[in-house]
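[1] Pasting a predicted model and its sequence here:
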Amino acid sequence: MPDLEIVWTKVDEAPALATYSLLPIVQAFVGAAGVAMTLKDISLAGRIIATFPERLTPAQRIGDELAELGTLAAKPEANIIKLPNISASIPQLKAAIKELQDKGYDIPDYPDNATTDAEKEIKARYAKVFGSVVNPVLREGNSDRRAAAAVKQFARKHPHKMGTWSADSKSHVAHMTAGDFYGSEVSTTVAAATNARIELAGADGAVTVLKAKTPLQAGEIIDAAVMSRKALRAFFAAQIDDAKTKGVLFSLHVKATMMKISDPIIFGHAVSVFFADVVEKHAATLKKLGVNLNNGFGDLLAKIETLPEAEKAAIEADIAAAYAKRPGLAMVNSDKGITNLHVPSDVIVDASMPAMVRDSGRMWGADGKLHDTKATIPDRCYAGIYQVVIEDCKAHGAFDPKTMGSVPNVGLMAQKAEEYGSHDKTFEIPRDGTVRVLAEDGTVLLERPVEAGDIFRMCEVRDAPIQDWVKLAVRRARLTGTPAVFWLDPQRAHDAQVIAKVETYLKNENTAGLDIRILAPVEAMKFSLERIRRGEDTISVTGNVLRDYLTDLFPIMELGTSAKMLSIVPLMAGGGLFETGAGGSAPKHVQQFQEEGYLRWDSLGEFLALGASLEHLAQTYDNAKAQVLAETLDTAIGKVLDFNRSPARKVGQIDNRGSHFYLALYWAEALAAQTKDAALQARFKPLAEALAKNEAKINAELIGAQGKPVDTGGYYLLDAAKTSAAMRPSATLNAAIAAL
Ligand SMILES: NC(=O)C1=CN([C@@H]2O[C@H](COP(=O)(O)OP(=O)(O)OC[C@H]3O[C@@H](n4cnc5c(N)ncnc54)[C@H](OP(=O)(O)O)[C@@H]3O)[C@@H](O)[C@H]2O)C=CC1
Ligand SMILES: O=C(O)CCC(=O)C(=O)O
Ligand SMILES: [Mg+2]
């Protein structure tokens with residue numbers, strides 16, 4: 001790769017739309033300084049296409065650009081700007097396959113029940129496409145997520161709305177008290193490198209190999225845990241009844257996308273317990289239809305459509321009876337009757353719980369109004385932190401963005417750390433027995449008793465990432481003078497092993513004068529919230545899951561959205577991965593764009609990531625031009641915030657495209673005003689003048705394009721020409737950029 005190259009990722013949904021407007025601007029600006037900005041496709045559609053080259057025409061094929069980026073991430077020259085992409089649930093995967101097939105791509109159907117060898121092979125290929133398959137490949141480093149000073153300042157000056165909390169809110173978190181991963185976890189630190197085998201020794205004496213080979217490094221921590229099917233189902237049954245008694249909505253919050261094996265199964269149990277009467281009475285029909293409740297209640301609703309009218313009506317009557325008997329369900333879209341249990345990827349815990357906290361601890365009911373809610377988060381490992389937040393809001397009211405402190409995060413993430421790397425070692429257990437993890441020499445490293453239907457999970461975290469994470473935490477604490485708290489629970493088997501390492505590696509660092517503590521998550525949350533209410537900052541140093549949860553939770557409270565986060569991944573090989581924001585791809589925004597030509601997506605995350613990427617480039621290659629670009633971009637971002645040029649929410653106001661125009665204007669002005677690089681100054685002066693002179697005209701062109709339905713030629717696979725036309729409706733702006 002040439003020296004000065006930055007990779008920009010082609011993704012899905014709202015950030016993919018935004019890219020059509022923003023990338024041409026960015027390419028023109030960085031190109032003027034000799035930096036190439038290359039687009040690499042990691043979208044869901046792109047990944048499907050790359051998986052079946054032999055079935056496609058040469059024109060349809062694309063290479064496996066995710067794999068290329070995975071290789072790049074392990075090299076020192078890596079400089080990658082990563083926008084949020086879809087981590088597809090099976091329903092999303094199927095929808096994308098259907099769209100591609102309709103567009104003439106000879107892509108095979110996803111085989112739900114693979115029986116033949118050919119089907120098994122197809123299913124194995126799709127296993128590399130669905131769920132969170134992008135982030136773990138690129139994240140060859142630990143995570144540093146925080147609100148940039150200017151962004152926090154902006155939120156203090158222009159606080160977003162927060163719902164008010166009532167002291168007698170009935171909302172609460174419900175979790176299991178036994179039989180969950182937390183309660184069953186065992187953990188050990190591997191003494192010598194080996195290839196582990198995971199096997200099920202059945203109560204009947206038969207041994208089944210679950211995974212033949214898992215290479216383990218010396219010094220890495222491994223753990224094994226089990227979610228009991230019986231205990232989980234009993235938990236759901238009791239909580240559904242309790243929600244009915246208490247008169248609150250029932251809701252489930254899991255991460256079926258990232259935890260793509262375990263959490264859809266958990267989701268399926270919630271659905272089948274909630275609709276037990278329907279599922280039991282019509283078991284034979286549902287089986288015949290191939291209904292899989294792990295894909296949500298929506299799968300049942302879609303498949304009964306194919307039944308003869310009378311048979312379908314009978315099931316629908318029983319569904320209506322179930323709704324009448326059960327507590328209200330939290331809704332994803334009350335207008336369309338889509339509930340929390342319809343699609344496993346509609347309610348994702350990292351974003352859904354903060355949204356509930358922001359909305360006075362309530363969720364939407366079928367009546368289109370907000371109601372107190374029971375949030376079930378079955379496993380105890382992290383559920384407790386949300387209950388602390390709820391109790392704090394009940395006692396002290398909503399958090400105040402004007403005065404609240406900040407909780408940045410240093411997250412252990414590299415090399416598929418912990419639960420988020422466990423899907424190839426997660427199994428739904430076919431029969432009673434014991435699952436053992438064995439070293440090559442036959443030594444039992446870990447073992448767990450299991451029953452049929454239980455979920456067994458093994459996780460790994462390597463030693464080098466832990467060392468790097470501890471260093472990063474100390475570095476952030478030193479740079480900011482802020483207390484840093486390791487959120488680790490000595491009662492949890494895995495955390496106890498991590499604590500031992502943290503204590504050792506902290507001794508290698510200069511921690512003189514720093515306030516560094518280790519607290520169990522519930523205590524760490526209490527400590528951080530007390531400080532937040534006093535306006536004080538606290539660095540959270542966490543494992544991979546809490547990294548995810550906290551970097552949506554705190555930003556959503558502090559900034560209104562996690563889109564405004566600075567998300568840096570210093571890659572362990574020396575490169576940089578710059579993630580844009582800490583949230584997702586905002587499917588709701590796409591719908592609004594298609595219906596009314598208004599794109600609410602805020603690209604501030606992209607702006608910040610680009611700034612960090614340019615700074616990294618400047619430092620790595622000692623490149624003065626890149627430094628000038630970074631500094632002037634920083635000025636421009638400050639102006640976008642100060643003059644409130646971020647997208648609003650409604651037609652007639654500035655949207656995503658308008659915010660890109662203003663970024664271009666302010667960036668060009670800052671480049672024209674600086675004196676460090678005369679060539680850049682001269683080059684950008686005419687652009688700055690042209691954009692400033694035509695401000696009203698460009699705004700009129702951009703806003704004039706709003707207010708009508710937009711055809712982007714697809715959802716998962718956009719039509720480039722149509723989308724570009726829709727996202728670049730200002731001829732004046734386009735001409736000015738082209739003239740640079
Ligand atoms: N890093 C990654 O690649 C990630 C990918 N995902 C993927 O994203 C999809 C949706 O996930 P979900 O959990 O619903 O989370 P999202 O973050 O996409 O959506 C939740 C809400 O966050 C707000 N939001 C997020 N980003 C922006 C932005 N840039 N500008 C304005 N508002 C924003 C919006 O809230 P509001 O309406 O309240 O303003 C949005 O509706 C899934 O497919 C998931 O797999 C999710 C997380 C991270
Ligand atoms: O990879 C994913 O599925 C989501 C990632 C995520 O939510 C995060 O990193 O905050
Ligand atoms: Mg997240």
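    Cool, the structure landed. Ligands and ions are numbered 1, 2, ... in the order given.

[2] do the least confident helix or strand in the chain by mean pLDDT and ligand 1 meet at all?
    Ranking every helix and strand in the chain by mean pLDDT, DSSP states H and E puts helix 149-157 at the bottom, with a mean of 94. No - if you take C-beta under 6 Å from any ligand atom as the test, helix 149-157 misses ligand 1, and the best it gets is 12.6 Å. C-beta: built from backbone N, CA, C; applies to glycine.

[3] residues of that helix that come out buried?
    Under the neighbour-count criterion of 16 or more other C-beta atoms under 10 Å, helix 149-157 has 151, 152, 154, 155, 156 buried.

[4] of the residues you listed, closest to ligand 1?
    residue 151 (12.6 Å; C-beta to the nearest ligand atom).

[5] State the next helix or strand along the chain beyond the least confident helix or strand of the chain.
    Next in sequence after helix 149-157, counting helices and strands by DSSP states H and E, comes strand 172-174.

[6] picking up where we left off before, go through the buried residues of helix 149-157 and name the one nearest ligand 3.
    Nearest to ligand 3 among the buried residues of helix 149-157, counting by C-beta to the ion, is residue 151 at 17.7 Å.

[7] My guess is the closest one contacts residue 558. True?
    No - with contact defined as C-beta atoms under 8 Å, residue 151 does not reach residue 558; the gap is 9.2 Å.

[8] Kindly state the pLDDT recorded for the residue in the stretch 451-600 of the chain positioned nearest to ligand 1?
    Using C-beta to the nearest ligand atom, residue 584 is the residue of the stretch 451-600 of the chain that sits closest to ligand 1, at 2.4 Å. pLDDT for residue 584: 95.

[9] any idea how far ligand 2 is from it?
    As defined by C-beta to the nearest ligand atom, to the nearest Å, residue 584 lies at a distance of 6 Å from ligand 2.

[10] Neighbours of that residue, how many?
    Residue 584 has 22 neighbours, counted by other C-beta atoms under 10 Å.

[11] Correct me if wrong: residue 453 contacts residue 427.
    No - the criterion here is C-beta under 8 Å, and residue 453 misses it with residue 427 at 11.1 Å.

[12] More neighbours: the two, which one.
    Per other C-beta under 10 Å, whichever of residue 453 and residue 427 has more neighbours is residue 427, with 21 against 18.

[13] is the strand or helix carrying residue 657 up against ligand 1 anywhere?
    Under the criterion of DSSP H and E, residue 657 resides in helix 656-673. No - Helix 656-673 does not reach ligand 1 (C-beta under 6 Å from any ligand atom); its nearest approach is 8.2 Å.

[14] Need the nearest residue in space to residue 32, chain neighbours excluded.
    Nearest residue to residue 32 in three dimensions, chain neighbours excluded: residue 683, at 5.4 Å (C-beta to C-beta, 6 or more residues apart in numbering).

[15] And residue 34, how close does it get to ligand 2?
    Per C-beta to the nearest ligand atom, residue 34 is found 32 Å from ligand 2.

[16] can you confirm that residue is in a helix?
    No - according to DSSP: H, G, I helix; E, B strand; the rest coil, residue 34 belongs to no helix; its state is coil.

[17] can I have the least confident helix or strand of the chain written out in PDB, keeping just the CAs?
    Output in PDB follows, covering the C-alpha atoms of helix 149-157 (Å, rounded to 0.1, in the frame of the first residue of the first chain):
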ATOM      1  CA  ALA A 149     -13.700  17.900  24.900                       C
ATOM      2  CA  ALA A 150     -15.500  20.000  22.300                       C
ATOM      3  CA  VAL A 151     -18.300  17.500  22.000                       C
ATOM      4  CA  LYS A 152     -18.800  17.400  25.800                       C
ATOM      5  CA  GLN A 153     -18.700  21.100  26.000                       C
ATOM      6  CA  PHE A 154     -21.400  21.300  23.300                       C
ATOM      7  CA  ALA A 155     -23.600  18.900  25.100                       C
ATOM      8  CA  ARG A 156     -23.300  21.100  28.300                       C
ATOM      9  CA  LYS A 157     -24.200  24.200  26.300                       C
END
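
[18] which one of the buried residues of helix 149-157 sits closest to residue 48?
    residue 151 (35.4 Å; C-beta to C-beta).

[19] tell me the contacts of the closest one?
    Going by C-beta atoms under 8 Å, 6 or more residues apart in numbering, residue 151 touches 559, 564, 566, 604, 608, 641.

[20] Give me the pLDDT for the last one.
    What that stands for is residue 641. 95.

[21] That one - nearest residue in space that isn't next to it in sequence?
    Nearest residue to residue 641, sequence neighbours excluded (C-beta to C-beta, 6+ apart): residue 154, at 4.4 Å.

[22] Over to the first one?
    For residue 559, the nearest residue in space outside its immediate sequence neighbours is residue 155; the separation is 4.7 Å by C-beta to C-beta, 6+ apart.

[23] from memory that neighbour sits against residue 556, does it?
    No - assessed by C-beta under 8 Å, residue 155 is found out of contact with residue 556, at 11.1 Å.

[24] quick one, phi/psi of residue 268?
    For residue 268, the backbone dihedrals are phi -60, psi -40 (criterion: degrees, to the nearest 10).

[25] In the stretch 151-300 of the chain, which residue sits closest to ligand 3?
    Counting by C-beta to the ion, the stretch 151-300 of the chain gets nearest ligand 3 through residue 258, at 8.0 Å.

[26] mind listing what that residue touches?
    87, 131, 132, 135, 420, 548.

[27] Next, count neighbours for the fourth one.
    By that I understand residue 135. 20.

[28] pLDDT value on it, please?
    Turning to residue 135, the model gives it a pLDDT of 96.

[29] Return the distance of it relative to ligand 2.
    Computed as C-beta to the nearest ligand atom, the residue 135 to ligand 2 distance reads 4 Å.

[30] Excluding sequence neighbours, find me the nearest residue to that residue.
    Distances taken as C-beta to C-beta, 6+ apart put residue 87 closest to residue 135, at 7.4 Å, once the chain neighbours are dropped.

[31] I'd say that neighbour and residue 134 touch.
    Yes - counting by C-beta under 8 Å, residue 134 is a contact partner of residue 87 at 7.3 Å.

[32] Could you check whatever helix or strand residue 590 lives in and say which residues are buried?
    Here residue 590 sits within helix 587-596, counting by DSSP H and E. Buried residues in helix 587-596, counted by 16+ other C-beta under 10 Å: 589, 590, 592, 593, 594.

[33] Let me know the closest of those residues to ligand 2.
    Closest to ligand 2 out of the buried residues of helix 587-596 is residue 589 (16.6 Å), distances taken as C-beta to the nearest ligand atom.

[34] Is the residue nearest to the closest one when sequence neighbours are not counted in a helix, a strand, or coil?
    In space, and not counting its chain neighbours, residue 589 is closest to residue 14: 4.0 Å by C-beta to C-beta, 6+ apart. At residue 14, secondary structure determined by three-state DSSP is helix.

[35] element containing the residue lying closest to residue 191 once chain neighbours are set aside, please.
    Counting by C-beta to C-beta, 6+ apart, residue 218 is the residue found nearest to residue 191 once chain neighbours are left out, at 6.5 Å. Assigned by DSSP H and E, residue 218 belongs to no helix or strand.

[36] Can you get me a residue count around residue 219?
    Around residue 219 there are 16 residues (other C-beta under 10 Å).

[37] What residues of stretch 461-481 count as buried?
    461-463, 465-474, 476-478.

[38] right, is stretch 553-572 up against ligand 3?
    No - remark: stretch 553-572 sits outside contact range of ligand 3, by C-beta under 5 Å from the ion, the gap being at least 7.2 Å.

[39] Rounded mean pLDDT for that stretch, please.
    Average pLDDT, stretch 553-572: 96.

[40] can you list the residues of the stretch 1-150 of the chain near ligand 2?
    Contacts of the stretch 1-150 of the chain with ligand 2, taken as C-beta under 6 Å from any ligand atom, map to 87, 132, 135.

[41] Against residue 265, how distant is the second one?
    In this structure, residue 132 lies at 16 Å from residue 265, with C-beta to C-beta, to the nearest Å as the measure.

[42] quick one, strands of the stretch 301-450 of the chain?
    Per DSSP state E, counting those that start in this stretch, the stretch 301-450 of the chain carries strands over the ranges 331-333, 338-339, 362-364, 370-376, 409-411, 426-428, 433-438, 444-450.
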